[in-house]
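K.L.:
One predicted model, sequence on top.
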Amino acid sequence: MNVKIIATRSCNHRPNIEKELKELGVDYKVLFVEEHPNVVAKYSIRHSPKVMIDEEIVCRGQPCEDELKTLLNLK
């Protein structure tokens, strides 16, 4: 499973998502929109953050831990 957080450097929610993913033991990568304009264009990103799983945006905004578990098929 390929998990990415797409966010601006100033996004206040990104650290919370990172913390929850770490606590769930999920490997992830952060793509900062300032450094990845191609991703911004491809997915029409206008707001931050986004959670992407296997190249599909599955969450727009900050998901709670239960939402992350559901999206990641974790119990």
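P.N.:
Received the coordinates, thanks. Numbering: from 1, shown residues only.

K.L.:
Could I get the contacting residues of Glu34?
P.N.:
Taking Cβ atoms under 8 Å, 6 or more residues apart in numbering, we find Glu34 in contact with Thr8, Arg9. Heads up, the C-betas are built off the backbone N, CA and C, glycines and all.

K.L.:
If you could redo that for Ala7, that was the one I meant.
P.N.:
Neighbours of Ala7 in contact, by Cβ under 8 Å, 6+ apart: His13, Arg14, Val30, Leu31, Phe32, Val33, Ser48, Pro49, Lys50.

K.L.:
just checking, which of the residues you listed belong to strands?
P.N.:
Val30, Leu31, Phe32, Lys50 (DSSP state E).

K.L.:
neighbour-wise, which of those leads?
P.N.:
Neighbour count (other Cβ atoms under 10 Å) singles out Lys50 as the most crowded of the ones in strands among the contacts of Ala7, with 23 neighbours.

K.L.:
That one and Gln62 touch, don't they?
P.N.:
No: using Cβ atoms under 8 Å, Lys50 is not in contact with Gln62; the gap is 10.2 Å.

K.L.:
Quick check: which ranges of this structure have low pLDDT?
P.N.:
Where the chain drops to pLDDT under 70, the residues are 75.
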